[in-house]
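Q: sharing a model prediction with you, sequence too.
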Amino acid sequence: MSELFPGFIAQRAVTSGAEIHFEMAGNGPPLLLLHGFPQTHAMWHKVAPSLAESFTVVCADLRGYGDSSKPASDANHTPYSKRAMALDMVEVMDSLGYDRFAVAGHDRGARVTHRLCVDHPHAVSRAALLDISPTRLMYAQTDFEFAKLYYHWFFLIQPFDMPERLIGADPAYYLRRKTGSWGSGNAFFDPRAFAEYERCYCKPETIHATCEDYRAAASIDLAHDDIDVAAGRKVSCPLLVLWGEKGVVHKCFDPIGDWGSVATDVRGRTMPTGHYIAEEAPEETLREFRAFFG
């Protein structure tokens, strides 16, 4: 990965529930970057080297993804709850000597970031969320248009092992078809980065783990969110929300209003992209991150 992340050093950290692969470089305040489905930390390659000029940047693979471990799951999908995935990242950063840090997450990584902010408010100084609204709200407001465009939310949560078998029949096809369906096609992907997504996603253990991630989102994660809402717990740190004007979130939801219902300090805007903001518009992403985190 050195070609995509010049100057970064690949490392591993053992957490209480997984072994997390990450790359790290830079000097300055710590900034954790978390990827989404069906990608790896490679999605940050167009912005991480520049950010490392001002921050100590940690680009991690979520458990179940990339070169991080794929723990066995259980009937409640607990090992793939966002609570478990968020705890991984607190423990990774603690192992590096950081008890407080900024974080940016895209897609599933943004959902882990949301849980980080709620479960570990002492640890997160600022957070950026890319192209999502809150999971609980998105399920609650599902309509025909959203179900049609985000069918994978309802396909991947089907009981083991139906989605695993269907995807496993041709995982490279599914990967390319899925990434190409979120607003801008696939032409903007760096072939080296996409080769990493394909190398990692096409493994049976990754396919299963990513299905477990979505199964958790439709069950145990919603239970955790319901408890937060009932208790009045909200994200208290400053929150930056960016979403693509060509994407499904822009078409079907109101990100600023949606996050305003679960956070106290929200700002953000649309970006001239589909779903993959940091890869489609890296310079604009850098400007937004520098203004917000810097």
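A: Everything's here; your move.
Q: and the most centrally placed residue in the chain, what does it touch?
A: Computing the C-alpha centroid of the chain and ranking residues by CA atoms, centre = their mean puts Gly109 first, at 1.5 Å. By CB atoms under 8 Å, 6 or more residues apart in numbering, the contact list for Gly109 reads Leu33, Leu34, His35, Gly36, Leu62. (C-beta placed from N, C-alpha, C; glycine too.)
Q: if I look at it, how far off is Glu23?
A: According to CB to CB, to the nearest Å, Gly109 and Glu23 sit 15 Å apart.
Q: cool, and Pro71?
A: For Pro71, the distance to Glu23 (CB to CB) stands at 21 Å.
Q: who's in contact with Glu91?
A: Counting by CB under 8 Å, 6+ apart, Glu91 touches Ala13, Thr15, Ser16.
Q: what's the helix or strand for it?
A: Using DSSP states H and E, Glu91 sits in helix 82-95.
Q: what is the mean pLDDT for that helix?
A: Average pLDDT, helix 82-95: 98.
Q: 83 is where my numbering starts, stick with that
A: With the count now opening at 83, the last piece we talked about shows up as helix 164-177.
Q: mind listing what's buried in stretch 255-264?
A: Across stretch 255-264, burial judged by 16 or more other CB atoms under 10 Å covers Tyr256, Leu257, Arg258, Thr261, Ser263, Trp264.
Q: nearest to Glu280, of these?
A: Among the buried residues of stretch 255-264, Leu257 lies closest to Glu280 (CB to CB), at 5.9 Å.
Q: could you confirm that closest one falls within a helix?
A: Yes. Read with DSSP: H, G, I helix; E, B strand; the rest coil, Leu257 is one of the residues of a helix.
Q: and it, how far from Leu86?
A: For Leu257, the distance to Leu86 - CB to CB - is 18 Å.
Q: mind listing what Leu324 touches?
A: So Leu324 contacts Ala210, Leu211, Leu212, Asp213, Gly350, Arg351, Thr352, Met353, Ile359, Thr367, Glu370 (CB under 8 Å, 6+ apart).
Q: would you turn those residues into a markdown table with secondary structure?
A: Below are the contacts of Leu324 laid out as a markdown table (three-state DSSP):
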| residue | secondary structure |
| --- | --- |
| Ala210 | strand |
| Leu211 | strand |
| Leu212 | strand |
| Asp213 | coil |
| Gly350 | strand |
| Arg351 | strand |
| Thr352 | strand |
| Met353 | strand |
| Ile359 | helix |
| Thr367 | helix |
| Glu370 | helix |
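Q: out of those, which end up buried?
A: Using 16+ other CB under 10 Å as the threshold, Ala210, Leu211, Leu212, Asp213, Gly350, Thr352, Met353, Ile359, Thr367, Glu370 are the buried ones among the contacts of Leu324.
Q: from these, which single one is nearest Asn158?
A: Top of the list for closeness to Asn158, among the buried ones among the contacts of Leu324 and by CB to CB, is Leu211 at 25.7 Å.
Q: excluding covalently adjacent residues, which one is nearest to the closest one?
A: Nearest residue to Leu211 in three dimensions, chain neighbours excluded: Ala192, at 4.2 Å (CB to CB, 6 or more residues apart in numbering).
Q: with Met167 instead?
A: Val194 (4.6 Å).
Q: ok, back up a step: in the contacts of Gly191, which residue is surrounded by the most others?
A: Most neighbours among these, by other CB atoms under 10 Å: Leu144, with 31 neighbours.
Q: the residue nearest to Leu211 against His117, yeah?
A: No. Contact between Ala192 and His117 fails when scored by CB atoms under 8 Å: they sit 9.7 Å apart.
Q: circling back to that earlier point, would you point out the most distant pair within the buried ones among the contacts of Leu324?
A: Ala210 and Thr352 (14.4 Å).
Q: Pro153: how many residues sit nearby?
A: For Pro153, the neighbour count with other CB under 10 Å is 18.
Q: quick check, pLDDT for it.
A: Here, the pLDDT recorded for Pro153 equals 98.
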